[in-house]
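**Q** give me the fold of what follows.
(2 chains)
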2 protein chains.
Amino acid sequence: MIKKAKIPDATIGRLSLYSRYLIEAYEKGVTTVSSQSIADATGVTPAQVRKDLAYFGEFGTRGVGYNSKELYMHIMKILGLDKRWPVAIIGAGNLGRALSQYKGFHERGFDISCIFDNDPKKIGKKLSNINIYHLDVLEEKVKEFKIELGIIAVPAQAAQEVADKLVKAGIRGIMNFAPINITVPDNIVLRRVDLSAQLEYLTYYLEEI
Amino acid sequence: MIKKAKIPDATIGRLSLYSRYLIEAYEKGVTTVSSQSIADATGVTPAQVRKDLAYFGEFGTRGVGYNSKELYMHIMKILGLDKRWPVAIIGAGNLGRALSQYKGFHERGFDISCIFDNDPKKIGKKLSNINIYHLDVLEEKVKEFKIELGIIAVPAQAAQEVADKLVKAGIRGIMNFAPINITVPDNIVLRRVDLSAQLEYLTYYLEEI
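**A** Numbering: from 1, shown residues only, chains lettered A, B, ... in the order given. Now for the predicted structure:
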C-alpha cells in the first residue's frame, strides 16, 4: 500500500487504457506492440508509456517491443484484475439501475452481486436479474457474496450514512457517485466519481477555441 | 487550444477540485487560504497546487496566501465555468435518466436542455421536466437551445452513429459514456467516461493491502 501510494493516480488510469488497447491488439492478431503504438492508441507520448511501465519493473525487449498478451496479463495483475470482484450497488434509483446494467463492468472483471435500498417498494424485486435487498441485511450479504467493493448511488444527503454502513459491513473499497465528499477510515480505499468534473474538461478546452 | 493542450489533463481535474474547496471555504467565511490548506483539502502537495496554478499566471501573495473568492472566480473562468452551458443528453434509458437528474451538473453551470432518443414510446414525454425529442430534430434543437455539449448515453453499438449526428448538428464537445472508443473530427473535444476504470483505481490499491 505504501509503495503503491507513491505511484501517480494518472499512471493507474493510463495502465487501464493501455490494457484495453493491448487486449484489442492481441485479439486482432497483433502479438508485438511498441511503446509508440501504445502511445498512439491512448493519446500519450511513448516516453510516458515507458515511464508508467517502469514503475512496475522491466517489460519488453529493446528494439523489439512488448508481447501484447504478456503485457496485458501483467497490467491486469497490477490493477488487481487477474480475478473477479463481486460488487454491491447501494441505491436502486436511476443511477443504480444504469450501473447494474453497465456492460463495461462485467468485461473488466466486476460482477454486481446485489443492490441495496431502503424503499420497501423496491425490496425483493430485481434489476437486470440482480436482487434488491434492504440495507439492513448489508453485512450479511457482503459476507455471503464475499463483496469487497461498494458503489454509492444514493442522494447526497444519504451518502455518508451509507458509507459508514459499508465500512461496518466489511467493504474495503468504495466508489462514490453522490455529489458530496464523504469520509472513511484510512484503511478503506475511496474514489469519488464527479460526473460534472468530466464535463469541465470539455468546457476548459471549448472556452478558448 | 494549442497552448491549452500543453497543460496536463490531471491539472484540469485538480483545478476542478480546488475550485470546489475554494467556494466551500468562502461560503464558510474563510477569505484567505494557503496552498497548504488547498492541498490538504484535495489530497495533493502544496507544491503541486502552486505548479498547477502557475500554468495560468501569478496568484496570491507570498506569505499571505490566496483570496478564496478571487481564486475561485479565476479558476472557474479558466475552466470555462463563468457562464452556463446548455447540454443535450442522447439516450433516454436508465443512464440518460440518471444523468438528467444528477444534481452535480446544475450547480457547476450545466443545464440539461433536451434529451434525445429514437424510441417512439419515449418521444414527447419528459424526464425530470426535460423534453425528450426524436434524434431527427437534433440539429434544429441544438440551434434553438444553443447547445454546445452532448452526452452520449446510448448502447455501445449506437455510440459512433450518435457521435456523428452530434458533430453534424454543430455540437463542439462530447462526453461519451458508452463503453467503446468513438472517433470525432479534430475540432471536437471528446472525453470518454469509463466507469469501470474508476473501479480499477480501487482494485489496484486493494490488491496489495
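**Q** part of a helix, is A:Tyr205?
**A** Yes - looking at A:Tyr205 with DSSP: H, G, I helix; E, B strand; the rest coil, it is inside a helix.
**Q** count of residues packed around A:Lys125?
**A** Neighbour count of A:Lys125, defined by other C-beta atoms under 10 Å in any protein chain shown: 13. Any C-beta I mention is one placed from the backbone N, CA and C, and that applies to glycine too.
**Q** residues touching the nearest residue to it once chain neighbours are set aside, list them.
**A** For A:Lys125, ignoring the flanking residues on the chain, the nearest one in space by C-beta to C-beta, 6 or more residues apart in numbering or on different chains is A:Ile132 at 5.2 Å. By C-beta atoms under 8 Å, 6 or more residues apart in numbering or on different chains, A:Ile132 lies in contact with A:92, A:114-117, A:122-126.
**Q** can you tell me which of those residues are buried?
**A** A:92, A:114-117, A:122-123 (16 or more other C-beta atoms under 10 Å in any protein chain shown).
**Q** list the neighbouring strands of the longest strand anywhere in chain A plus their orientation.
**A** If you go by DSSP state E, chain A has its longest strand at strand A:110-117. Its sheet considered, strand A:110-117 pairs with strand A:85-90 (parallel), strand A:130-134 (parallel) by DSSP bridges.
**Q** mean pLDDT and distance to B:Phe105 for those strands - can I get that in TSV?
**A** Below are the strands paired with strand A:110-117 laid out as TSV (pLDDT from 0 to 100; distance: least, C-beta to C-beta, whole Å):
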stretch	mean pLDDT	distance to B:Phe105
strand A:85-90	98	21
strand A:130-134	97	27
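**Q** and B:Ile171, which of these is closest to it?
**A** Closest to B:Ile171 of these, according to C-beta to C-beta: strand A:85-90, at 30.9 Å.
**Q** what comes into contact with the helix or strand following that closest one?
**A** As assigned by DSSP states H and E, the chain's next helix or strand after strand A:85-90 is helix A:94-100. With contact meaning C-beta under 8 Å, 6+ apart, helix A:94-100 is reached by A:89-90, A:105, A:112, A:115, A:117, A:127-128, A:130, A:151, A:153, A:177, B:93-95, B:97-98, B:101-102, B:195.
**Q** can I get helix A:94-100 as PDB, trimmed to CA atoms?
**A** Coordinates of each C-alpha in helix A:94-100 appear next as PDB, following Å, rounded to 0.1, in the frame of the first residue of the first chain:
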ATOM      1  CA  ASN A  94     -32.000   5.500 -11.900                       C
ATOM      2  CA  LEU A  95     -28.200   5.700 -11.400                       C
ATOM      3  CA  GLY A  96     -28.100   2.300  -9.500                       C
ATOM      4  CA  ARG A  97     -30.300   0.900 -12.300                       C
ATOM      5  CA  ALA A  98     -28.000   2.200 -15.000                       C
ATOM      6  CA  LEU A  99     -24.900   1.000 -13.200                       C
ATOM      7  CA  SER A 100     -26.400  -2.500 -12.700                       C
END
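**Q** can you give me the helices in chain A?
**A** Assigned by DSSP state H, chain A shows helices spanning A:2-5, A:9-27, A:35-42, A:46-54, A:68-78, A:94-100, A:103-107, A:138-144, A:156-169, A:195-208.
**Q** adding mean neighbour count and mean pLDDT, write the ones you listed out as TSV.
**A** Below are the helices of chain A laid out as TSV (neighbours: other C-beta atoms under 10 Å in any protein chain shown; pLDDT from 0 to 100):
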stretch	mean neighbour count	mean pLDDT
helix A:2-5	9	54
helix A:9-27	20	92
helix A:35-42	18	91
helix A:46-54	17	94
helix A:68-78	20	96
helix A:94-100	24	91
helix A:103-107	15	88
helix A:138-144	16	98
helix A:156-169	18	96
helix A:195-208	21	90
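**Q** next, format those helices as a markdown table and append distance to B:Lys146.
**A** Listed next are the helices of chain A as a markdown table, based on distance: least, C-beta to C-beta, whole Å:
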| stretch | distance to B:Lys146 |
| --- | --- |
| helix A:2-5 | 45 |
| helix A:9-27 | 33 |
| helix A:35-42 | 33 |
| helix A:46-54 | 37 |
| helix A:68-78 | 43 |
| helix A:94-100 | 27 |
| helix A:103-107 | 32 |
| helix A:138-144 | 46 |
| helix A:156-169 | 29 |
| helix A:195-208 | 13 |
